[in-house]
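1. Quick one: sequence and predicted model below, then my questions.
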Amino acid sequence: MAHPSQLGFQDAASPVMEELLHFHDHTLMIVLLISIFILYIIMAMVSTKLTNKYILDSQEIEIVWTILPSTILILIALPSLRLLYLMDEVNDPHLTIKAMGHQWYWSYEYTDYEDLTFDSYMIPTQDLSPGQFRLLETDHRMVVPMESPIRVLVSAEDVLHAWTVPALGVKMDAVPGRLNQTAFLASRPGVFYGQCSEICGANHSFMPITVEAVPLKHFESWSSLMLEDA
């Protein structure tokens, strides 16, 4: 999860998030090089080194400032399109979960199981146990097996919501009357926190998302207990 004075993104917990971090660093380096180059040009012009009319009216300069931006856009666009394709692709999921947004909580339905459904509410501050996080902990976590492709069907019961877990590189709008889908693969065990990322009303900031990735045998034990309780 995020921590005070943090710079950058949360640690990646999925292959897609790792790719997003690499693309961010790649783009940030390009932006840094452009900023340094522009700053140098400005300083050189202030010092009158680049104000000669033969430089300002040069055909070579016009060629450079046409080709260089095009090259930069290609260097950004190609990895961006590749990443968009990876994020949109859902390949043979091992488990499908339907996440439904409500005002203001989430409900989950494991569609591969019969009667495995539950609501997930934020734990009030006064009820938190030591070590739990304010505004992020829920009474029921969405438990998934690690290293397994998970498909999440996202919709809403009332107004627009957004199902978002930054460490997994997942953000999908929950639209009433529409079923969107996204996918992720948790590459390591852990508890990953998210929040609704769409301004959905008065308690928008009080509908967190908690995803717990566990080994497969632990997930099977958890699902058996949940089915017995149901």
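-> Cool, the structure landed.
2. can you tell me how far the residue lying closest to residue 195 once chain neighbours are set aside sits from residue 28?
-> Spatially, and ignoring its direct neighbours in sequence, residue 195 is nearest to residue 208 (5.1 Å; C-beta to C-beta, 6 or more residues apart in numbering). C-beta coordinates here come from the backbone N, C-alpha and C atoms, glycine included. As judged by C-beta to C-beta, to the nearest Å, residue 208 and residue 28 stand 29 Å apart.
3. The residue nearest to residue 195: how many residues sit nearby?
-> 21 (other C-beta atoms under 10 Å).
4. for it, phi and psi?
-> phi -70, psi 170 (degrees, to the nearest 10).
5. Which pLDDT does the model give it?
-> The model reports residue 208 with a pLDDT of 96.
6. again with residue 38
-> Confidence score, pLDDT, at residue 38: 89.
7. Look at it and say how many residues are nearby.
-> That count, for residue 38 with other C-beta under 10 Å as the rule, works out to 10.
8. Backbone dihedrals for the nearest residue to residue 176 once chain neighbours are set aside, please?
-> Closest residue to residue 176 apart from its sequence neighbours, by C-beta to C-beta, 6+ apart: residue 156 at 4.7 Å. Torsion angles at residue 156 (phi, psi; degrees, to the nearest 10) stand at phi -140, psi 150.
9. what do you get for the one 3 residues further on?
-> Phi and psi for residue 159, reported as degrees, to the nearest 10, are phi -130, psi 180.
10. How about it: what's its closest non-neighbour residue?
-> residue 200 (5.1 Å).
11. Give me the pLDDT for the residue sitting nearest the centre point of the chain.
-> Nearest to the mean C-alpha position of the chain, counting by C-alpha atoms, centre = their mean, stands residue 169 at 3.2 Å. The per-residue pLDDT reported for residue 169 equals 93.
12. quick one, domains of the protein?
-> 15-88, 95-229 (automatic domain parsing).
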